[in-house]
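# requesting a structural model of the entry that follows:
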Amino acid sequence: MRHSGSADLALMGGRIPSWLYDRMVKLSLPIVESIIMEYGKKEFIKRLSDPFWFQSFGAVIGMDWNSSGVTTAVMGALRQSINPHAKEMGLFVCGGKGKTSLKTPRELMRVGEITGLNGEYLSRCSKLTAKVDNSAIQDGFQLYLHSFVISDEGDWSVVQQGMKTNSSLARRYHWNSNIESFIKNPHAAICGDNQGEIINLVHQDAAPTQKGILEITNENPQKILDEIPRMKLPTYYGVMEKDINIKRLGSILWLAQENEVKQFDELLLLKGLGPRTLQSLTLVSEVIHGTASRFSDPARFSFAHGSKGGKPFPVPTKVYDEVIETLKKSVASSKIGINDKNKAIKKLTELAEKAEENFIPNKSIKEYLKKENEDSWKYGGRTIKGKAKKKP
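Numbers count the residues shown, from 1 in each chain. Below you'll find the model as predicted:
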């Protein structure tokens with residue numbers, strides 16, 4: 001079993017309004033389905049254990065990119081979008097926030113009954129990962145969220161979050177069961193010694209790992225903390241120049257322009273979409289198809305759909321809905337063997353990466369933000385304070 005990393009985030013209050021959360025749920029499903037169709041369930045499970053991809057996913061569905069609320073929003077949206085289709089997708093999201101997290105072992109036993117996996121062992125893994133992060137790692141953060149995502153093939157990831165109220169910080173912990181994902185994932189690290197290795201979670205020889213996790217309690221807590229890779233995010237609210245790779249973002253905004261789209265035959269099926277929707281769709285495409293190294297600047301993905309607080313700009317609800325509809329149609333077509341639109345969406349990522357090689361930014365982040373906020377009213381811009389209005 002591998003501890004894949006942790007992320008420190010600022011505690012930012014405020015509930016997610018229903019008009020945004022409903023869209024998060026609707027967008028999450030086709031994103032997950034696209035990843036599964038293209039790369040498989042194992043790959044999606046692995047991505048959940050990457051703190052940088054997780055944060056980018058949260059930003060692209062409209063959460064404040066560096067807020068602790070990303071964890072609750074992402075896991076809540078995934079639970080609500082995946083579980084109604086759990087059997088057909090072969091994915092189950094167990095646990096959650098507060099009292100819901102206590103139900104995780106019972107839910108995993110139920111998953112075992114449905115899939116034939118060893119529910120008792122999975123329940124034990126759930127309890128042990130929580131025990132390690134809550135007790136063996138004595139960092140002052142107390143868990144209040146514990147989510148366990150598992151496939152019917154036995155691969156799983158745990159995402160859990162602790163709070164340290166006197167510092168206004170939250171810390172998120174990622175676990176993954178797949179030793180291959182640990183080797184391939186540049187952000188992964190071993191948490192403690194003598195843990196043993198598991199490839200098949202339900203194998204009868206899995207007992208050494210259970211023993212190994214318990215032995216972590218004998219390790220020096222500081223040694224464990226030093227070995228866990230961390231993603232330290234700023235506590236200020238909003239997006240600054242230093243948070244974003246301007247060359248990456250600029251190439252995506254360039255590609256989204258209507259005149260550029262016409263140059264690529266591969267994008268003809270997307271020609272009917274406006275430049276602003278293509279901007280969002282390209283960032284969503286990268287969350288689906290991008291490689292691990294592409295998520296080192298998660299703030300960039302907030303340029304897809306903004307956030308409820310209006311930083312970096314109000315949520316463009318019209319654009320958001322068009323992206324949801326485009327992805328849903330792409331997934332539906334792929335299920336019956338028509339992959340043209342899916343290939344076009346994937347091509348957005350490839351073209352953006354290629355364009356980046358020779359792209360020279362000619363604008364600053366402030367200029368991009370100024371334009372987004374000025375045009376927000378055109379795209380149904382909305383925040384918790386209300387709808388965006390045209391500025392005189």
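# quick one: the strands in the protein?
Remark: strands assigned in the chain by DSSP state E are 2-10, 91-97, 142-151, 156-164, 169-176, 230-232, 315-316, 381-383, 386-387.
# partner strands of the second one, with direction?
Within its sheet, and counting by DSSP bridges, strand 91-97 is paired with strand 142-151 (antiparallel).
# give me the contacts around the partner strand.
With CB atoms under 8 Å, 6 or more residues apart in numbering as the test, strand 142-151 has contacts from 41-42, 45, 48, 71-72, 75, 78-79, 90-98, 101, 104, 107-108, 111, 117, 122, 125-126, 129-130, 133-134, 156-164. Every residue, glycine included, has its C-beta placed from N, CA and C.
# now that strand - C-alpha only, PDB.
Only the C-alpha atoms of strand 142-151 are listed here, as PDB (Å, rounded to 0.1, in the frame of the first residue of the first chain):
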ATOM      1  CA  GLN A 142      -7.800  15.900  12.800                       C
ATOM      2  CA  LEU A 143      -9.600  14.100  10.000                       C
ATOM      3  CA  TYR A 144     -13.200  15.200   9.200                       C
ATOM      4  CA  LEU A 145     -13.500  13.800   5.700                       C
ATOM      5  CA  HIS A 146     -12.700  10.200   4.500                       C
ATOM      6  CA  SER A 147     -13.600   9.000   1.000                       C
ATOM      7  CA  PHE A 148     -12.700   5.600  -0.400                       C
ATOM      8  CA  VAL A 149     -13.100   5.100  -4.200                       C
ATOM      9  CA  ILE A 150     -12.800   1.500  -5.500                       C
ATOM     10  CA  SER A 151     -13.200  -0.200  -8.800                       C
END
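# got the angle for that strand vs strand 169-176?
30 degrees (axes from the mean of the first three to the mean of the last three CA atoms, to 10 degrees).
# any idea of the angle strand 142-151 forms with strand 156-164?
Strand 142-151 runs at 170 degrees relative to strand 156-164, counting by the same axes, to 10 degrees.
# strand 142-151: which residues count as buried?
For strand 142-151, burial by neighbour count (16 or more other CB atoms under 10 Å) applies to 143, 145-151.
# with stretch 110-119 instead?
For stretch 110-119, a neighbour-count test (16+ other CB under 10 Å) marks 111-112, 115, 117-119 as buried.
# nearest to N176, of those?
For the buried residues of stretch 110-119, the minimum distance to N176 (CB to CB) is 16.3 Å, reached by L117.
# give me phi/psi at the closest one?
Here is the backbone geometry of L117 (degrees, to the nearest 10): phi -70, psi 160.
# now that it has come up, it's in contact with S123, right?
No: applying CB atoms under 8 Å as the test, L117 and S123 come out as separate, 10.7 Å apart.
# re earlier: just the buried residues of stretch 110-119: which are in helices?
Within these, residues falling in helices by DSSP state H are 111-112, 115, 119.
# distance of F52 relative to F301?
Distance of F52 to F301, computed by CB to CB, to the nearest Å: 10 Å.
# tell me which of these two has more neighbours.
F301 (27 against 22; other CB atoms under 10 Å).
# the top helix by length along the chain versus strand 91-97: what angle between them?
Across the chain, the longest stretch assigned as helix under DSSP H is helix 18-39. Helix 18-39 runs at 140 degrees relative to strand 91-97, counting by the same axes, to 10 degrees.
# now do helix 18-39: which elements does it pack against?
helix 41-48, helix 69-82, helix 86-89, helix 275-289, helix 317-335, helix 340-358 (3 or more CB pairs under 8 Å, 6 or more residues apart in numbering; DSSP states H and E).
# could those go into CSV alongside mean neighbour count?
Converted to CSV, those look like this (neighbours: other CB atoms under 10 Å):
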stretch, mean neighbour count
helix 41-48, 22
helix 69-82, 23
helix 86-89, 14
helix 275-289, 23
helix 317-335, 19
helix 340-358, 17
